[in-house]
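Enquirer: got a predicted model here, sequence first, then my questions.
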Amino acid sequence: MKTKLTPWFFLLISGMFMFIYHGCRKDETIVWDKVTGLVQKGPYINGTNIVLYELNSSLGQTGKTFTTMITNNYGSFEIRDVNLSSPYVLLVANGYYYDEARGTVSGSPLTLQAICDVSDASAVNINILTHLEKPRIEHLARSMPFKDAKKQAHSELLSLFGFTSEIDPAERLDISKDSESNAVLLAVTVIIQGIRNTALLTEFLSNIATDFGEDGRFSESTLSELRNTMLLSSNLPLLRSRLIARYNEIGQQATIPLFEEYVGKFLAYTGTKPYAFAKQATAITVNGATLQGLVNANDLPATVSFEYGTDTTYGHVISAYPVTVTGHSLTPVSATISNLDPLAVCHYRVKAVNSKGTSFSRDLILSRIGLLTDIDGNTYPTVLIGRQEWMAENLKVTKYQDGTEIPLITDINTWNLLTTGAMCEYNNDPEKVKVYGRLYNYIAVINTRNICPKGWHVPSDEEWTTLSNYLTSNGYGYGGSGTDIAKSLASEGGWLPYSVAGCTGNDMMTNNTTGFNALPGGFRNLQGLFYSIENVGIWYSKTAVNDADAWFRLLNYNYTEFGRTQNKKTCGASLRCLKD
């Protein structure tokens with residue numbers, strides 16, 4: 001039987017439809033007299049452009065925009081008469097900022113962004129955290145409400161830096177105010193900036209934001225790069241003082257938060273296995289010595305010991321002092337042993353263990369150090385390297401072995417006309433002799449009266465080569481292999497500093513693993529002028545190249561190699577004697 005539909009039925013259905021339709025509509029309008037905020041890397045400066053884009057529920061732009069410009073150096077902005085149909089906005093800032101790593105305004109503009117819900121807030125700050133969160137929020141919002149996407153992106157990003165505390169939303173943070181949350185923002189800002197200029201920072205931000213946006217993680221290479229660049233720019237007190245000075249300069253009261261603690265947490269979170277380095281032993285006696293080394297804990301507490309014995313199986317272990325090393329700089333460690341066989345070779349190495357792994361230094365052989373006295377009564381330590389025993393200081397003597405005086409030449413014009421053996425003091429300064437010894441000409445070097453103490457002689461070019469070959473063949477190169485043996489011979493200080501790893505003037509605490517203790521005593525040229533103290537050490541061999549030239553060995557502050565060079569016999573250079 002057919003049922004007859006009455007007009008009342010149609011009215012009921014129509015009413016239900018209208019109820020459902022109106023219940024799903026969002027006709028609310030958000031009106032703000034003004035939207036304000038701060039743009040910070042360091043604070044952005046006058047002239048920075050700010051654009052607010054309205055976004056729909058899918059986070060696509062609706063076409064409605066509002067613009068303004070920063071008119072101070074504090075980074076503050078305001079956009080007036082903001083009328084929105086959606087609570088979601090994208091804020092984009094493009095301008096110059098104060099770079100705390102360099103202590104100056106950036107050389108080019110940097111773009112930072114923030115995406116947020118402004119339904120309950122008319123203040124939105126733009127910073128490194130808001131910028132990095134943006135692509136992740138957009139990715140997550142495809143499958144969850146905006147609020148949940150924002151919260152998850154925020155938590156994921158902070159965890160990548162090793163921060164697990166509850167931190168205020170990124171758009172509320174301000175590096176000029178003291179709070180735990182603001183300290184986190186400044187720490188991340190400093191870590192991301194590293195040593196990068198604005199161009200490199202722009203590229204790096206783009207790469208890691210995209211990386212993070214896809215899966216909420218950073219690659220291992222990204223974390224490693226962040227750690228390494230942070231270590232290169234880790235003068236945190238200087239960064240703090242620069243930021244304080246900047247805010248004072250622009251007339252703003254600022255209390256810089258304690259960001260250093262969070263940089264430390266990041267470095268611990270990204271810590272790696274320790275680095276161990278063995279140095280030449282000291283206080284050597286007939287049956288004992290103080291073993292020396294350096295350890296970098298790489299920000300995870302490391303337990304340190306020395307292994308030693310008559311061969312490279314060692315067999316003996318002793319705890320180092322200090323036994324635990326922390327931080328990310330080279331820390332001296334030592335241990336005194338007293339059970340050595342005076343006739344046996346002693347091998348030793350440093351062992352360091354932290355939660356990321358175990359590291360061993362390369363093997364060193366204890367150099368039996370002796371003492372040598374010249375005819376003037378000067379004493380010199382000596383060092384055994386392979387089968388050669390060398391003086392471990394430059395010669396200072398003023399007489400030949402038979403007591404004949406070696407002429408001291410101070411006059412510039414006389415030096416290059418000499419036909420007899422002679423010596424000089426760098427810049428005619430006797431004080432330099434105490435550290436660097438004296439400089440001699442070739443005629444003094446080969447004089448039959450012998451310039452070296454009894455039982456010792458000036459090495460030949462071949463004997464210098466024997467030394468070089470031994471060091472190259474026994475792992476004294478930088479990093480444990482190769483011909484770059486300069487650091488193993490050079491003293492632990494006194495060289496002009498140099499930035500390139502492996503060079504004599506770089507990281508000088510790791511020099512002198514042989515105990516040779518080569519110093520940059522400079523030289524006197526054939527015109528009688530003095531050059532390159534603290535830059536160069538140059539030592540005679542007794543081997544002539546020809547009538548005018550002889551062979552020398554050379555170390556330079558910016559060299560990795562122990563150089564072999566020929567120079568004029570009238571050159572004034574240092575001497576090391578070798579036991580017969």
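Expert: Received the coordinates, thanks. Residues are numbered from 1 along each chain as shown.
Enquirer: CA atoms for contacts and neighbours, from now on please.
Expert: Fine.
Enquirer: so which residues of the stretch 1-150 of the chain form helices?
Expert: 7-24, 128-140, 146-160 (DSSP state H, counting those that start in this stretch).
Enquirer: one more: the chain?
Expert: Ranges of helices within the chain are 7-24, 128-140, 146-160, 180-193, 198-215, 220-232, 236-249, 260-269, 412-415, 430-436, 442-445, 461-473, 486-489, based on DSSP state H.
Enquirer: now for the ones you listed, which one comes closest to L173?
Expert: helix 180-193 (5.5 Å; C-alpha to C-alpha).
Enquirer: which residues are in contact with that closest one?
Expert: 41, 101, 128-129, 161, 167-168, 170, 173-176, 201, 226-227, 229-230, 256-260, 262-263 (C-alpha atoms under 8 Å, 6 or more residues apart in numbering).
Enquirer: ok, stretch 34-46 next?
Expert: Contacts for stretch 34-46 (C-alpha under 8 Å, 6+ apart): 69-82, 93, 95-100, 122-128, 174-175, 189, 243.
Enquirer: quote the end-to-end distance of it.
Expert: Using C-alpha to C-alpha, to the nearest Å, one end of stretch 34-46 lies 19 Å from the other.
Enquirer: quick one: mean pLDDT for it?
Expert: Averaged over stretch 34-46, pLDDT sits at 95.
Enquirer: how about it, which residues are buried there?
Expert: Neighbour counts over stretch 34-46 (16 or more other C-alpha atoms under 10 Å) mark V35, G37, L38, V39, Q40, K41, G42, P43, Y44, I45, N46 as buried.
Enquirer: so where is the stretch 151-300 of the chain shaky, pLDDT-wise?
Expert: Across the stretch 151-300 of the chain, not a single residue meets the criterion (pLDDT under 70).
Enquirer: off-centre distance for stretch 51-62?
Expert: Relative to its chain's centre, stretch 51-62 lies at 43 Å (C-alpha atoms, centre = their mean, to the nearest Å).
Enquirer: between the two ends of that stretch, how far is it?
Expert: Note: stretch 51-62 ends 14 Å apart using C-alpha to C-alpha.
Enquirer: same thing with stretch 267-281?
Expert: 32 Å.
Enquirer: ok, now stretch 336-347?
Expert: 14 Å.
Enquirer: quick check: buried residues in it?
Expert: For stretch 336-347, by 16+ other C-alpha under 10 Å, it's T336, I337, L340, C346, H347.
Enquirer: tell me who's in contact with the most centrally placed residue in the chain.
Expert: The centroid of the chain falls nearest to L232 when counting by C-alpha atoms, centre = their mean (3.2 Å). By C-alpha under 8 Å, 6+ apart, L232 lies in contact with G194, I195.
Enquirer: repeat that for the one 10 residues further on.
Expert: For R242, the set of contacting residues under the criterion of C-alpha under 8 Å, 6+ apart consists of E100, G103.
Enquirer: out of the helices of the chain, which one sits most buried?
Expert: Across those, the average number of neighbours (mean count of other C-alpha atoms under 10 Å) peaks for helix 486-489, which reaches a mean of 28.
Enquirer: tell me the mean pLDDT over it?
Expert: Mean pLDDT, helix 486-489: 96.
Enquirer: for stretch 446-464, same thing?
Expert: Mean pLDDT, stretch 446-464: 96.
Enquirer: which of the residues in that stretch are classified as buried?
Expert: Quick answer for stretch 446-464 (16+ other C-alpha under 10 Å): I446, N450, I451, C452, P453, W456, H457, V458, P459, S460, D461, W464.
Enquirer: got a list of contacts for it?
Expert: With C-alpha under 8 Å, 6+ apart, stretch 446-464 has contacts from 372-375, 395, 397, 399-402, 421, 444-445, 540-543, 551-553, 575-580.
Enquirer: just the buried members of these?
Expert: The neighbour count (16+ other C-alpha under 10 Å) marks 372, 374-375, 395, 397, 399-401, 421, 444-445, 540-543, 551-553, 575-579 as buried among the contacts of stretch 446-464.
Enquirer: tally of neighbours for the residue nearest to N558 when sequence neighbours are not counted?
Expert: Nearest residue to N558 in three dimensions, chain neighbours excluded: C503, at 5.2 Å (C-alpha to C-alpha, 6 or more residues apart in numbering). Other residues lying near C503 total 25 when counted by other C-alpha atoms under 10 Å.
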